[in-house]
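Asker: Attaching a predicted model along with its sequence, questions to come.
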Amino acid sequence: MLIIFGWRVVFFTIGKGLFHCPSCGGDREYRRRQGRRFFTLFFIPVIPLTKAGPEFVECDTCHGRYSLSVLSLPTAADLAAVPARLLRTAISQVLRSGDVTHTGARERTVALVRAAGDGSYDESVLDADLVRPFDEVRQEIGRSSAQLAPEARERFLQQAAEIALIDGPLTFSERETLAAVGADLTLTHVQINAVIEIAERAAAS
Ligand SMILES: [Zn+2]
């Protein structure tokens, strides 16, 4: 009896997701794949041997293959989510330095974050934001800030100040938090004070 044997590479999908495909130039579905050599008997892979090459990312649309580092590029969806995320993070920081149960402040927060592009934001997500560790939040604000223009960062601080002013004049603690958030948003002291003053004047009128 003739026995036909050999080996071939079989690719396994070990993950899926959305990435920015350099060839397609946009967000595409990808598969994260790994090849493995198999001993074949009558062309059927039967015994797994060594890994064949490094893991790679394959675009579902153009089938281009890339190294895993391509996954660190932000997708268009990531970038579009930055403003709403930064705003909700800034506001929740300020809100927790005042009265987090104030109905008006909570409703206004949800409305502002939704208007900034996150249509699924609601009070339950807000509650989760309110208990996030400070360090984690501050790092996130610092990272995202670099992707936004100064005007947008000033507007977000102003909206956070507006929320803090809903239940009355700024307390010492609210003022301190606004200054800290402003600094995390990489605004200068002058910018921060000007923004807070504008919000206070608007609230008083
Ligand atoms: Zn592609």
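Answerer: Nice, thanks for sending it over.

Asker: Give me the neighbour count for Gly26.
Answerer: Gly26: 10 surrounding residues under other Cβ atoms under 10 Å. The C-beta positions use only the backbone N, C-alpha and C, and glycine is treated the same way.

Asker: burial of Leu115, as a residue count?
Answerer: Residue 115: Ala, not Leu. Other residues close to Ala115 by other Cβ under 10 Å number 13.

Asker: Next, give phi and psi for it.
Answerer: phi -60, psi -30 (degrees, to the nearest 10).

Asker: ok, it - contacts?
Answerer: Listed by Cβ atoms under 8 Å, 6 or more residues apart in numbering, Ala115 has no contact partners.

Asker: Would you agree Ser145 is in contact with Asp184?
Answerer: Yes - under the criterion of Cβ atoms under 8 Å, Ser145 makes contact with Asp184 at 7.0 Å.

Asker: Those two: who's more crowded?
Answerer: Between Ser145 and Asp184, Asp184 has the larger neighbour count (other Cβ under 10 Å), namely 23 against 19.

Asker: chain center to the longest helix along the chain, what's the gap?
Answerer: Looking across the chain with DSSP state H, the single longest helix is helix 76-95. Mean-position distance between helix 76-95 and its chain equals 8 Å (Cα atoms, centre = their mean, to the nearest Å).

Asker: swap in stretch 3-17?
Answerer: Distance of stretch 3-17 from its chain centroid, counting by Cα atoms, centre = their mean, is 35 Å.

Asker: who touches it?
Answerer: 29-43, 45, 49, 52, 55, 71.

Asker: Residues contacting the helix or strand of the chain with the lowest mean pLDDT, please?
Answerer: The helix or strand of the chain with the poorest confidence is helix 134-145; it has a mean of 86 (mean pLDDT, DSSP states H and E). Residues outside helix 134-145 that contact it (Cβ under 8 Å, 6+ apart): 82, 85-86, 89-90, 92-93, 153, 180-181, 184-186.
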